[in-house]
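**Student:** Next input, structure requested:
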Amino acid sequence: MTPVLPGRVGRRRIGAAIALLAVIVAGLLTHLLVPGSAATDIAGDALYAAAAYLAIVVLAPRLRLLTVACLAAVWCIAVELFQLTGVPLAVGARFSPAFLVLGSTFAVRDLVVYVVAVAALAAGDAAVLRSGVGGSPWGGETPESPVDRTSLDAGVAQPPRRDR
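**Tutor:** This is a model prediction of the structure:
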């Protein structure tokens with residue numbers, strides 16, 4: 001993978017961690033304060049997908065955007081399919097907070113919401129990364145922020161050149 005400037009990795013991880021905290025709070029508030037309906041179920045699914053996506057970025061900020069999106073979608077789909085076994089329902093009956101992570105019952109609509117939400121997150125992430133805030137969405141430098149290759153060979157990252 002093409003090297004990413006160290007400062008960008010840190011900013012990406014911190015930004016994702018802050019966003020993850022906000023998504024968790026929004027999810028809990030939606031769950032606790034808003035009456036149950038199809039709209040709140042869809043909002044909860046979208047927030048769950050966002051939390052999965054952001055958690056992966058926090059844990060591995062150097063991963064390519066497509067890898068993060070695929071991992072988040074696979075996680076969400078796997079958890080939804082796991083609900084077909086009945087295990088999440090049984091675990092949630094004994095420990096109700098487990099419902100927040102494992103869900104309770106399978107719904108095809110949830111699969112669609114997860115995929116659409118992850119795609120939207122990946123598109124937003126790509127836009128942020130292209131803006132230069134966090135590096136390139138594909139794991140390398142952006143045209144606006146080239147990396148001095150000689151300094152990378154020496155093991156020292158230099159700030160982007162501004163001579164263009």
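**Student:** any idea which element the residue nearest to residue 109 when sequence neighbours are not counted lies in?
**Tutor:** Nearest residue to residue 109 in three dimensions, chain neighbours excluded: residue 42, at 7.4 Å (Cβ to Cβ, 6 or more residues apart in numbering). For every residue, glycine as well, the C-beta is placed using N, CA and C. Taking DSSP states H and E as the criterion, the element that holds residue 42 is helix 38-59.
**Student:** returning to that earlier point: the residue nearest to residue 109 against residue 113, yeah?
**Tutor:** Yes - look at residue 42 against residue 113 with Cβ atoms under 8 Å: they come within range, at 5.5 Å.
**Student:** For stretch 97-112, buried residues please.
**Tutor:** With burial defined by 16 or more other Cβ atoms under 10 Å, the residues of stretch 97-112 counted as buried are 98, 102-103, 106, 110-111.
**Student:** what do you get for stretch 58-76?
**Tutor:** Of the residues in stretch 58-76, 58, 61, 63-65, 68-69, 71-73, 75-76 count as buried by neighbour count, 16+ other Cβ under 10 Å.
**Student:** Show me what it is in contact with.
**Tutor:** Stretch 58-76 is contacted by residues 1, 4, 9-10, 12-13, 16-17, 20, 48-49, 52-53, 56-57, 111, 114-115, 118-119, 121-122, 125-126, 129, 137-139 when judged by Cβ atoms under 8 Å, 6 or more residues apart in numbering.
**Student:** and residue 17, how many neighbours?
**Tutor:** 15 (other Cβ atoms under 10 Å).
**Student:** The one 10 residues further on now?
**Tutor:** If you count neighbours by other Cβ under 10 Å, residue 27 ends up with 19.
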